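>>> sharing a model prediction with you, sequence too.
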Amino acid sequence: MAAIDMRNIVKKYGDGFPAVNDVSIDVQDGEFMILVGPSGCGKSTLLRMVVGLEDITSGDMMIGDRKVNDLAPRDRNLAMVFQNYALYPHLTVYENIAFPLRLAGAPESEIDQKVRDASKTLELDEHLDRKPGNLSGGQRQRVAMGRAIVRDADAFLFDEPLSNLDAKLRGQMRTEIARLQKRLGITTVYVTHDQTEAMTLGDRVAVLKRGVLQQLATPRELYENPGNLFVAGFIGSPPMNFVPAEVEGNTVKLPFGSVEIPAEKAERAKGRGLLIAGIRPEHFEDASVVTSDTTGKTFRTKVDVVEWLGNEAYAYIPFEAPPEVQAQLAQLERDLDGESLRTQLVVSLDGTSQIAAGDEAEIYVDASKMHLFDPSTGENLTVDESRAGRIPEREDPRAAQEAEQMADQGEEVHSADSEPRA
Amino acid sequence: MKNKTSIGTWIGFVLIMIWCLLPVVWIISLSFKPVEETAAGSPQFLPKDATLQNYKDILANDDFTRALLNSFGIAMISTVLAVIFATLAAYAIARLEFRGKRFVLSLALAIAMFPVVSLVGPLFDMWRTFGLFNTWPGLIIPYMSFTLPLAIWTLSAFFREIPWEMEQAAQVDGATSWQAFRKVIVPLAAPGVFTAAILTFFFAWNEFVLAISLTSTTASRTVPAQLSYFVGPDPFNPPYGQLATASVVVTVPIIIIVLLFQRKIVAGLTSGAVKG
């Protein structure tokens, strides 16, 4: 058992592409750390540097008190579950799980004991004599985990372990992994692109974009106090709504009307001109089902589409955004691997709401939880820094800027690469 | 409709079987005929008076048994060496990025396309100088140089199919690179290894041009070369029966080997390695 400390890790590939730019993450002993981000953000590369399958260009990788930069994977004593499980197809389930023990030269009785313990934990007892080819996806997944837990490894590393399973199994295995980790109390680093997995599993979550650490915080902190536009858009489903906004006194002018925000937030955004306001879908409500006083906090608008789910309903409200904001939102959408179709609000309504598609409805908005972002930098102006974990951009703006510049260069490398092919 | 196609398939199948197997059956039938029948003007297909005399004669022929031993030894050694070298080379080609990788591969292919006959002259001179003429290594070396390229190509294709994660998982599990190769990659590439082995063995077993040019006595002459010395006492009456018998005797090991290895080749071992 050990802590993993990544200090200013940089990874540059042979073609000059910087996959990871100056990332520092401290994983505490016994902590469940999630690395999350859209594809190509360097999260898997970072994990592979921890385990030793990728060289580290610069920076220090510490496991416990040892610097492991130059150690081979087998000398790092870590266990890893691969995205495609990487089971040995010529060996039975039993031998797959026993493989690390046999390599370590453990005595036969000890191997048998440990393999049977692991298979019991993972409910693989009746499959021990089968080959991986005859197992279902979930069973293979469990065998891969068995191979990891059978050794007394210092830490577990997971590389998108659930992405090959169907939705139902994914939910079950997610709970299973959480339970196992809590029981064994082992340091875990888990890579995923799925924000639900990140939120539900992690003690802390590191959000990465283009190889740069955006924010390192608990799921709650990320959700309530995103450090910038990217984190705000990435965490939460359906995602946070971004609308153009202008602050005058304590009033925020939004495309569909003006709402009051707390004085403290308004103060921070004063004199900044055009901003982007971020409001989570659940901070809207059908005004007719809200029991408290809604005066001055509602607006009337036409609802385009309503998706009723029983316990709640999502209403979609299109709006027009000025070009500056539009460009920034389109860029954000690209960063998030999405496609920007139109600017619209997603509003979560109570299940009892009677609003139907095409209606002109009265919508209540709880503006106290609204965040205001600078459209040029994406920085969150209203973040509560005491409850936002680590935001590298704020700790050391210059270093963060340099990291961003490296990422920009990386994009040039890649676009130069892709041109001849296109 | 379905019946019609299956009938067509069967007719085609039978035609091809006859086309392929008739010469083989003819040889087998010849090997059981006594000399009087083979010398007859228009011999019938099946032996009238089947006899095992040909087999007794040929196995009592010291030159032939010695050639059989040479064939076995030379083919086996070439196969084992070629497969070992090809496995290592193919693994490097499949996994490592190095300068001149393409060059190595295309050179290997070029060597495989080289006509054997063009090498006979130079090799004959060289082997006499080096003292390799009429020895086992004198045949093993050129056989390997012709079979290695094909083996390397076959095996590197197999290795490329094996996901990188296999070795990486093994290394994380505590294996050295060599252990990962031996315990994970080689077993997974077994079908490829057997394919390469069979191809190499066939080539060495059947090869004639080098075998007759680079040998002078039964010290190293292989069966295909030795058969050309089966002339018998009467130049106008070659011992057809004996030739046919010898052919049968050399064909049997090949058939046995193919049947033994066939399962290994067919078994798709990599299924289930990863999701897919």
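Noted; the coordinates are in hand. Numbers count the residues shown, from 1 in each chain, chains lettered A, B, ... in the order given.
>>> can I assume residue B:202 is in contact with residue B:254?
Yes - counting by C-beta atoms under 8 Å, residue B:202 sits close enough to residue B:254 to count as a contact (7.0 Å). C-beta here means a position set from N, CA and C on the backbone, and glycine is covered the same way.
>>> element containing whichever residue of the stretch 251-400 of chain A sits closest to chain B?
Closest contact between the stretch 251-400 of chain A and chain B, by C-beta to the nearest C-beta, is at residue A:337 (21.8 Å). In this structure, residue A:337 sits in neither a helix nor a strand according to DSSP states H and E.
>>> and what of the one 10 residues further on?
Applying DSSP H and E as the criterion places residue A:347 in strand A:344-350.
>>> burial of the residue of the stretch 251-400 of chain A closest to chain B, as a residue count?
By the criterion of other C-beta atoms under 10 Å in any protein chain shown, residue A:337 has 13 neighbours.
>>> that one and residue A:308: what is the separation?
When C-beta to C-beta, to the nearest Å is the yardstick, residue A:337 and residue A:308 sit 28 Å from each other.
>>> over to residue A:107?
Counting by C-beta to C-beta, the gap from residue A:107 to residue A:308 is 62 Å.
>>> looking only at neighbour counts, state which of the two leads.
Residue environment comparison for residue A:107 versus residue A:308 gives the larger neighbour count to residue A:308, 15 against 9, counting by other C-beta under 10 Å.
>>> residue contacts, the more buried one?
By C-beta atoms under 8 Å, 6 or more residues apart in numbering or on different chains, the residues touching residue A:308 are residue A:351.
>>> and it, what are its bridge partners?
With DSSP bridges applied, residue A:308 shows beta-bridge pairing to residue A:313.
>>> residues in chain A within reach of chain B, list them.
A:51-53, A:72-74, A:78-80, A:82-90, A:99-100, A:103-104, A:131-135, A:137, A:140, A:147, A:151, A:164 (C-beta under 8 Å from any C-beta of the partner chain).
>>> can you flag the buried ones in those residues?
The neighbour-count test (16 or more other C-beta atoms under 10 Å in any protein chain shown) applied to these identifies A:51-53, A:73-74, A:78-80, A:82-90, A:99-100, A:103, A:131-132, A:135, A:137, A:140, A:147, A:151, A:164 as buried.
>>> in strands, which of these fall?
Secondary structure assignment (DSSP state E) places A:78-80 from these within strands.
>>> could you list the low-confidence segments of chain A?
Low-confidence regions of chain A, defined here as pLDDT under 70, cover residues A:1, A:296, A:340-341, A:414-422.
>>> mind giving me the domain ranges of it?
A:4-77+A:154-222, A:226-383 (automatic domain parsing).
>>> which one of those domains lies nearest to residue B:145?
Nearest to residue B:145 among the domains of chain A is domain A:4-77+A:154-222 (34.4 Å), distances taken as C-beta to C-beta.
>>> which residues sit in contact with the residue nearest the centre of chain B?
The residue lying closest to the centre of chain B (C-alpha atoms, centre = their mean) is residue B:202, at 0.7 Å. Neighbour list for residue B:202: residue B:254 [criterion: C-beta under 8 Å, 6+ apart].
>>> residue of chain A nearest chain B, please.
At 2.4 Å from chain B, residue A:133 is the closest residue in chain A, using C-beta to the nearest C-beta.
>>> that residue reaches residue A:89, doesn't it?
Yes - with contact defined as C-beta under 8 Å, residue A:133 reaches residue A:89; the gap is 5.7 Å.
>>> shaky segments in the stretch 151-276 of chain B?
Counting by pLDDT under 70, the stretch 151-276 of chain B shows low-confidence ranges at B:263-276.
>>> which stretches of the chain form helices?
I went with chain A, as the question did not name one. A:43-51, A:93-103, A:108-121, A:137-149, A:167-184, A:195-201, A:219-224, A:229-234, A:263-268, A:323-335, A:392-395, A:397-421 (DSSP state H).
>>> was after chain B, sorry
Remark: helices assigned in chain B by DSSP H are B:2-31, B:35-39, B:53-60, B:62-95, B:101-113, B:117-130, B:136-161, B:164-172, B:177-180, B:186-188, B:190-206, B:209-213, B:223-227, B:240-266.
>>> next, give phi and psi for the residue of the stretch 251-400 of chain A closest to chain B.
Listed backbone geometry of residue A:337 is phi 70, psi 20, with angles given as degrees, to the nearest 10.
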